[in-house]
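S.K.: mind looking at a prediction? Sequence and model below.
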Amino acid sequence: MPKLLAIDPVVLKRLRELPKSERGECLAALCDLAEAFGRPHLHGGLGIRKLGESLFECRGNLALRFVFQNRPDALFVSFLGSHDEVKALLRRGKYR
């Protein structure tokens, strides 16, 4: 059964600012994430990677990554940015 997605308003704002083609790719990735999370054979193309105890990232498109938390009730998408932005976010210790 797919998990629900909860998306931070900051992520929604960033999605709206993307060019239409990139926005479409990222929205499709979010739909795939909700369906495939926890089913490794399905999420191979999403590039899901564990970053912490319940913290993960997945590919939105070639340039962008989503950071999300696996919460009991939903997958909470809290960040959208480049690979370098994700690394900087983790270095700042926001998710410790």
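M.R.: Now that the structure is in, tell me what you want to look at. Numbers count the residues shown, from 1 in each chain.
S.K.: only C-alpha atoms from now on, for both contacts and neighbour counts.
M.R.: Noted.
S.K.: name the element the residue nearest the centre of the chain belongs to?
M.R.: Centrality entry for the chain: nearest residue to the mean C-alpha point is residue 66, 2.6 Å, by Cα atoms, centre = their mean. Using DSSP states H and E, residue 66 maps to strand 64-70.
S.K.: show me what the very next helix or strand once past that strand is packed up against.
M.R.: Under the assignment DSSP H and E, the closest C-terminal helix or strand after strand 64-70 is strand 75-82. Helices and strands touching strand 75-82, by 3 or more Cα pairs under 8 Å, 6 or more residues apart in numbering; DSSP states H and E, are strand 5-7, helix 9-17, strand 64-70.
S.K.: in the longest helix anywhere in the chain, what's buried?
M.R.: Criterion DSSP state H: the longest helix present in the chain is helix 20-36. Judged by neighbour count using 16 or more other Cα atoms under 10 Å, the buried positions of helix 20-36 are 22, 23, 26, 29, 30, 32, 33, 34, 35, 36.
S.K.: okay, now the residue lying closest to residue 23 once chain neighbours are set aside: neighbour count?
M.R.: The spatially closest residue to residue 23, leaving aside those adjacent along the chain, is residue 15, at 5.9 Å (Cα to Cα, 6 or more residues apart in numbering). A count of nearby residues for residue 15, using other Cα atoms under 10 Å, gives 17.
S.K.: against residue 54, how distant is residue 15?
M.R.: The spacing between residue 15 and residue 54, counted by Cα to Cα, to the nearest Å, is 23 Å.
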